[in-house]
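[1] okay, sequence plus prediction incoming.
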Amino acid sequence: MPLLSAFSPSELGQLSARFENAEPVELLRWAWNEFGPAAAIGTSFQGAGIVIMNEARRAGLPLPVFTIDTGLLFPQTVELKQRLEEFFQIEIEVLRPDQTPDEQAADLGPRLWARNPDLCCTLRKVFPLQRKLASLSAWITGLRRSQSSSRAEIGLVELYPFDPIRDLQILKLNPLANWTADKVWEYVHHHGIPYNPLRDLGFRSIGCEPCTRAVGGTAGERAGRWIGFEKTECGIHTFLGAKLV
């Protein structure tokens, strides 16, 4: 596994600039050549994630794919995983929290997501992802700049501190950083890739069932998540911390 220290800040900036106007598959091919299976695609099966999976498949790049099952997903999301495995002829690794939702409720009370959504996301998403990223050199994501103001400055290649407490970092690759939502969905439909049917029912961004609502097609791309809270990120891209209180 290549050492991340082999890349200086200036080299990372040059890499990001190199792929800024390249096709996404070029960054995926670089990742595979550089890291092999230590580069993996992490996805919650939003549009951009399935585009990246398709680009890897078309190029013959056997990049591993993983997802997080919080135990609170929509049935349509769980079913989509199976459909995508059949479509791509791959096995998608599933990461799970330490506790089931019932076990979490017994420890911290019922409906934690309604009282402290940051803590719930940390336990059910951030911690499982941190364990996975500790085994990788590169994390390939579907982040795009146009999704929200918090994502507007992302690069194609970044060095990302995914575990600040233990001072662990990873290369984070965002092949579709400069794509628009329209371009993503034109691609999905053109290639006939299975996608979450909830999108056609007005869901803009699809996360856990208790924290996601349909808002219609004219709302922002992250609309419908954590309604009633000043929260726009689950934490896996910001690695927010939360105390067990």
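    Everything's here; your move. Numbering: from 1, shown residues only.

[2] ok, the most centrally placed residue in the chain - contacts?
    Taking C-alpha atoms, centre = their mean, the centroid of the chain lies closest to T43, which sits 4.3 Å from it. For T43, the contacting residues are G49, I50, I52, M53, V65, F66, T67, T141, G142, by C-beta atoms under 8 Å, 6 or more residues apart in numbering. No exception for glycine: its C-beta is placed from N, CA and C like everyone else's.

[3] could you rerun that using 7 Å?
    T43 is in contact with G49, M53, V65, T67, G142, counting by C-beta atoms under 7 Å, 6 or more residues apart in numbering.

[4] in helices, which of those appear?
    Per DSSP state H, helices hold the following members of the contacts of T43: G49, M53.

[5] turn the contacts of T43 into TSV, columns for pLDDT.
    Listed next are those as TSV, based on pLDDT from 0 to 100:
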residue	pLDDT
G49	97
M53	98
V65	98
T67	98
G142	94
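
[6] just the contacts of T43 now: which is nearest L28?
    L28 lies nearest to M53 out of the contacts of T43, by C-beta to C-beta, at 10.0 Å.

[7] was I right to think the closest one contacts F87?
    No - the pair M53 / F87 is not scored as a contact, 8.9 Å apart, by C-beta atoms under 7 Å.

[8] these two: who's more crowded?
    Set M53 next to F87 and count neighbours by other C-beta atoms under 10 Å: M53 wins out with 23 against 17.

[9] next one: that one from N116, what distance?
    From M53 across to N116, the span is 33 Å (C-beta to C-beta, to the nearest Å).

[10] mind checking the SS state of the nearest residue to E55 once chain neighbours are set aside?
    The shortest distance from E55 to any non-neighbouring residue, by C-beta to C-beta, 6 or more residues apart in numbering, is to V25 (4.8 Å). With DSSP: H, G, I helix; E, B strand; the rest coil as the basis, V25 sits in helix.
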